[in-house]
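1. what follows is a predicted structure for the sequence shown.
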Amino acid sequence: AQSVTQPDIHITVSEGASLELRCNYSYGATPYLFWYVQSPGQGLQLLLKYFSGDTLVQGIKGFEAEFKRSQSSFNLRKPSVHWSDAAEYFCAVGAASSGTASKLTFGTGTRLQVTL
Amino acid sequence: NAGVTQTPKFRILKIGQSMTLQCTQDMNHNYMYWYRQDPGMGLKLIYYSVGAGITDKGEVPNGYNVSRSTTEDFPLRLELAAPSQTSVYFCASSRPQQGLTEAFFGQGTRLTVV
């Protein structure tokens, strides 16, 4: 069964500092990987996704993530954090459809706090 | 574009009551999902559907039922509400093509059972 681990429950960074959120996954084949962001009281918005090809993927809002197969990781990064980035971030792994439902398995989330 | 729309946004139920959470999407997605989100637990899949007339259980289906009579709608039914069903519920949809599984989420329904 697929699983996702986000080891950091809560992270605090200063505005303008760099950010890295960790994500480790367990999946038997090549995974489809996602990062979603959830602002308070809102639904989930897709930041970026990895299916194949270049292991460094760019997303919205200046975020990027790097797929490292050898480490089973898909860490999210941003060079300079803005106060508006304060939110909860979820990493997810998806199964290939192959005629069956493609389902996402989510990590438990990392809450990002940004100090001014 | 409306995307995925959930109603209601908030609801308080008494133990033993029933209710239906509504979800509709206007993106012509064939796959739809219901997740529940509990603090510190991430999102857990309740039920999903690959198309009209086809539904299947997810990770935590007990206490819930679904139906999918149209492509657009995927309601979630709670028959006998219990305090353990206090949660935030998210509906999502996707249209997998060659294995792509990106899901689009609604704004959520916050349910409290007292």
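-> It's in. Numbering: from 1, shown residues only, chains lettered A, B, ... in the order given.

2. pairing partners for the helix or strand of chain A with the lowest mean pLDDT, with directions?
-> When each helix and strand of chain A is scored by mean pLDDT, DSSP states H and E, strand A:104-106 comes last, with a mean of 87. If you go by DSSP bridges, strand A:104-106 pairs up with strand A:87-94 (antiparallel).

3. circling back to that earlier point, which elements pack onto whichever helix or strand comes after the least confident helix or strand of chain A?
-> Per DSSP states H and E, strand A:104-106 leads on to strand A:110-115 as the next helix or strand towards the C-terminus. Packing contacts for strand A:110-115, counted by 3 or more CB pairs under 8 Å, 6 or more residues apart in numbering or on different chains; DSSP states H and E, involve strand A:10-14, strand A:19-21, strand A:87-94. Placement of C-beta: from N, CA and C, glycine included.

4. direction included, what does the second one pair up with?
-> Sheet pairing here is set by DSSP bridges, and for strand A:19-21 it gives strand A:73-78 (antiparallel).

5. tell me the angle the strand it pairs with makes with strand A:10-14.
-> In terms of direction (axes from the mean of the first three to the mean of the last three CA atoms, to 10 degrees), strand A:73-78 departs from strand A:10-14 by 30 degrees.

6. now do the contacts for the residue most central in space within chain B.
-> By CA atoms, centre = their mean, chain B has its centre lying nearest to residue B:34, at 2.7 Å. Residue B:34 makes contacts with B:21, B:23, B:45-48, B:58, B:64, B:66, B:74, B:76, B:89-92, as judged by CB atoms under 8 Å, 6 or more residues apart in numbering or on different chains.

7. ok, 6 Å please
-> If a contact means CB atoms under 6 Å, 6 or more residues apart in numbering or on different chains, then residue B:34 has B:46-47, B:76, B:91 as its contacts.

8. start and end of stretch B:22-38, how far apart?
-> Length of stretch B:22-38, first residue to last, CA to CA, to the nearest Å: 19 Å.

9. same check, this time on stretch B:18-35
-> So stretch B:18-35: terminal residues 18 Å apart, CA to CA.

10. can you classify residue B:71 by secondary structure?
-> Following DSSP: H, G, I helix; E, B strand; the rest coil, we place residue B:71 in the coil state.

11. pLDDT of stretch B:53-73, averaged?
-> Stretch B:53-73 carries an average pLDDT of 95.
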